[in-house]
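Visitor: Whatever this is, show me its structure:
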Amino acid sequence: MELTELIKKKFEESPDKDKFIEDLRAFIYELADHKQPIDLVKWVPLDKVEANDYNPNTVATNEMNLLHLSIVNDGYTQPIVTIEDKVKGKYVIVDGFHRYTIMRFKDDIRELNRGLLPIVVINKDINDRMASTVRHNRARGKHSIDGMANMVFCMLEEGWLDERICKELGMESEELIRMKYITGFAKLFENVEYQRAWESRAQIKAMMNHEEAQHSES
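Guide: This next block holds a predicted model:
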C-alpha cells in the first residue's frame, strides 16, 4: 500500500480527524532538520487564546473592516504568533491580536473556521515576548508611541540594559532616551546622579552582578 493511501485509510478510520491531522503535522515537523514555528501550525479553540496586555500596535476601523473582508474571502493566510502559558492553560498572543479579534466579534469568521484559530507557538519569557511583539509591529511599520514607551519602561524595570533593549527592538540610543522621557522614567531617579541614559535600579543590580561574576572568574 502506498504511503498516501495508508495515511488516507488511517485518517478515515480515526474517530478524531482534527487531532489526526494535528498529530500528522507534528510528526512531519519532527522529521525536518530545519525547524521553524511556521512549520507547525495548530488550530486551537478560540477560548484557548488570549490577548497580551502590552501590544503597542493599533489598527484603524477601516483597516479592521478590510481585514475582516480579507479573511472572509481568502481565509487566514497568517497564523497568530503565541506563547503557551501552561499555568493558565492558554496561548498568549505575541502577534496577531487583530486577526484574533476578528474571530471574537465576527460570527461569520467563527462559523467559517468552526471556532478554531491558526496559531504557532514560540518559547519566550515575558521580556522576550514583548521584544518579539515590537519586532513584528515595527517590521510592518505599525506601532503606537505610547504603547511602545510603556513596553520599554517594563523592560527597564526588569533590568534590561540599554544596549540590549536597542538591539532587541531595533532602536537607536537617541530613540530609547526619548522613550524614557515619554514614560517619565527619569523622574523615578531624579535625586540620583546618572549619565546620559538613565539606569533603573534593576539595571544597576544586573551590572553589579555581571561585574561580580567577572571578578570571581579572574
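Visitor: Would you agree residue 149 is in contact with residue 179?
Guide: Yes. In this structure residue 149 lies within contact range of residue 179 using Cβ atoms under 8 Å: 4.6 Å. In this view, the C-beta of every residue, glycine as well, is placed from N, C-alpha and C.
Visitor: Same drill for the two, tell me which one is more crowded.
Guide: For residue 149 against residue 179, the residue with the higher neighbour count under other Cβ atoms under 10 Å is residue 179, and the figures read 22 against 19.
Visitor: in this structure, which spans are strands?
Guide: Under the criterion DSSP state E, strands of the chain are mapped to 42-45, 49-50, 80-85, 90-95, 116-121.
Visitor: any chance of these in TSV, plus distance to residue 7?
Guide: Compiled in TSV, the strands of the chain are given as follows (distance: least, Cβ to Cβ, whole Å):
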stretch	distance to residue 7
strand 42-45	18
strand 49-50	29
strand 80-85	27
strand 90-95	27
strand 116-121	21
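Visitor: could those be laid out in CSV, adding distance to residue 27, mean pLDDT and mean neighbour count?
Guide: Converted to CSV, the strands of the chain look like this (distance: least, Cβ to Cβ, whole Å; pLDDT from 0 to 100; neighbours: other Cβ atoms under 10 Å):
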stretch, distance to residue 27, mean pLDDT, mean neighbour count
strand 42-45, 14, 94, 16
strand 49-50, 24, 93, 18
strand 80-85, 19, 90, 20
strand 90-95, 21, 88, 22
strand 116-121, 17, 95, 21
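Visitor: which one of the ones you listed lies closest to residue 9?
Guide: Put simply, out of the strands of the chain the one that sits nearest residue 9 is strand 42-45, at 22.7 Å, with distance taken as Cβ to Cβ.
Visitor: Can you pull out the low-pLDDT segments for this structure?
Guide: 1, 54-60, 125-147, 150, 182-218 (pLDDT under 70).
Visitor: Would you map the helices across it?
Guide: Shown for the chain, the helices assigned by DSSP state H span residues 3-13, 17-31, 61-74, 97-105, 107-112, 126-139, 145-157, 162-169, 173-183, 201-217.
Visitor: Packing partners of the second one?
Guide: Of the remaining helices and strands, those touching helix 17-31 by 3 or more Cβ pairs under 8 Å, 6 or more residues apart in numbering; DSSP states H and E are helix 3-13, strand 42-45.
Visitor: by contact count, what packs against the longest one?
Guide: In terms of contacts (3+ Cβ pairs under 8 Å, 6+ apart), helix 3-13 is packed against helix 17-31.
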